[in-house]
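Participant: build me a model from this:
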Amino acid sequence: MKDREFREVLVHIDVKTAVFPQDVSHDVFLRALRGFSEDSAVHGILVLRPLPEQIGDGEAGSAVNPRKDIDCMNPENLRKIFTGDT
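Facilitator: Residues are numbered from 1 along each chain as shown. Prediction:
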């Protein structure tokens, strides 16, 4: 059993993984992030980095719903970290 699969069983969560090629277009990637953000069945989004050079961290972070942003990539959540707003 893979480590990720073990954690899924241990904490009873479903994980959906979206893998994109290194040359994914800017629009396709951001459209997918926005789709996950709008999907009521998705409760958290974790974007692994580094991102391909054609996709900026800021743009990717802005595409993630702040309420689903697991690693505080969204500018709204980053602001909260640095201002102590919880």
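
Participant: now the biggest helix by length in the chain, how far from the centre of its chain.
Facilitator: The single longest helix within the chain, with elements called by DSSP state H, is helix 26-38. The chain centre lies 10 Å from the centre of helix 26-38; the measure is C-alpha atoms, centre = their mean, to the nearest Å.

Participant: low-confidence ranges, the protein, go.
Facilitator: 1-12 (pLDDT under 70).

Participant: change it to 50
Facilitator: The model of the chain has no residue with pLDDT under 50.

Participant: related to what we said a few turns ago, please name every helix or strand in contact with whatever helix or strand comes next after the longest helix of the chain.
Facilitator: Sequence order places helix 57-63 as the next helix or strand after helix 26-38, per DSSP states H and E. Contact here means 3 or more C-beta pairs under 8 Å, 6 or more residues apart in numbering; DSSP states H and E; on that basis helix 57-63 packs against helix 26-38, helix 75-83. For every residue, glycine as well, the C-beta is placed using N, CA and C.
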